[in-house]
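Participant: Got a sequence here, can you build the structure:
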Amino acid sequence: MAGAAGEAVELPDQEDFEAPLPSLFHHLVELRAALVRPRYLMLKRNEPYRYALPVPTQKRLGELRYAATGQRLKSERLKSIQPPRKPRSGERVESSRSLPEVYRREGLPHPKRTFTLSAGERRMLTDKRLVDFYETIQHPQRRIRRTHKAETSHTTDAAPDQPPTGGES
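Facilitator: This next block holds a predicted model:
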């Protein structure tokens with residue numbers, strides 16, 4: 001093989017040369033398997049993803065249904081659940097459906113409840129401290145949100161006639 005100036009360049013022997021590509025390729029294959037295996041099992045067992053956030057899932061499934069069929073779901077009133085407290089001025093109550101309700105409305109299978117999960121999956125939820133999250137998405141939620149940003153006064157230590165010193169040189 002010729003170098004930049006036309007001189008011969010000697011390549012290292014194959015056994016002396018450790019390329020990072022085989023190890024990188026091996027990690028990519030493992031990553032692909034880790035990402036594909038749960039999806040394959042969900043399709044095989046006809047199970048929806050049971051850790052999805054209900055609000056974005058409802059939005060995405062609705063967009064997908066509308067793109068595929070041109071139909072929207074009729075609005076249904078949520079079951080009455082009380083917000084954590086009465087909203088104050090500048091706040092509003094947001095309601096969200098439970099994940100099983102989102103899937104039911106879209107005609108998808110019901111996700112498993114905590115007590116029907118395998119022992120390994122329950123152990124994983126416990127180890128990662130996700131049991132409360134999993135239980136929360138199984139029920140409708142009401143949250144209080146601010147409708148606008150609160151006014152904050154910006155004060156600086158510099159005198160009013162001098163520009164603030166922000167590290168500019």
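
Participant: can you pull the contacts of Arg113?
Facilitator: Going by CB atoms under 8 Å, 6 or more residues apart in numbering, Arg113 touches Gln138. All C-beta spots, glycine's among them, are computed from the backbone N, C-alpha and C.

Participant: same deal with Glu106?
Facilitator: Glu106 touches 61-62, 65, 73, counting by CB under 8 Å, 6+ apart.

Participant: burial measure for Arg77, as a count.
Facilitator: Using other CB atoms under 10 Å, Arg77 is surrounded by 6 other residues.

Participant: and if you look at Met42?
Facilitator: Using other CB under 10 Å, Met42 has 14 neighbouring residues.

Participant: on that earlier part again, can you put the contacts of Glu106 in TSV and add pLDDT and secondary structure?
Facilitator: Shown next, in TSV, are the contacts of Glu106 (pLDDT from 0 to 100; DSSP: H, G, I helix; E, B strand; the rest coil):
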residue	pLDDT	secondary structure
Leu61	89	helix
Gly62	90	helix
Arg65	88	helix
Leu73	85	coil
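
Participant: Got a ChimeraX select line for the buried ones in these?
Facilitator: Restricted to buried positions by 16 or more other CB atoms under 10 Å, the ChimeraX selection for the contacts of Glu106 reads:
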select :61,65
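
Participant: Low-confidence stretches in the chain?
Facilitator: Residue ranges of the chain with pLDDT under 70: 1-22, 79-84, 149-169.

Participant: Now tabulate the contacts of Glu106 in TSV and tack on distance to Leu117.
Facilitator: Putting the contacts of Glu106 into TSV (distance: CB to CB, whole Å) gives the following:
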residue	distance to Leu117
Leu61	23
Gly62	27
Arg65	28
Leu73	29
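
Participant: Closest to Arg146 out of the contacts of Glu106?
Facilitator: Using CB to CB, Gly62 is the member of the contacts of Glu106 that sits closest to Arg146, with 25.6 Å.

Participant: pretty sure the closest one contacts Leu73?
Facilitator: Yes: assessed by CB atoms under 8 Å, Gly62 is found in contact with Leu73 at 6.9 Å.

Participant: Of the contacts of Glu106, which is the nearest to Phe115?
Facilitator: Nearest to Phe115 among those, with distances taken as CB to CB, is Leu61, at 25.9 Å.

Participant: ok now do the closest one, which residues does it touch?
Facilitator: Contacts of Leu61 (CB under 8 Å, 6+ apart): 102, 106, 108.

Participant: So which of the residues you listed are in helices?
Facilitator: Val102 (DSSP state H).
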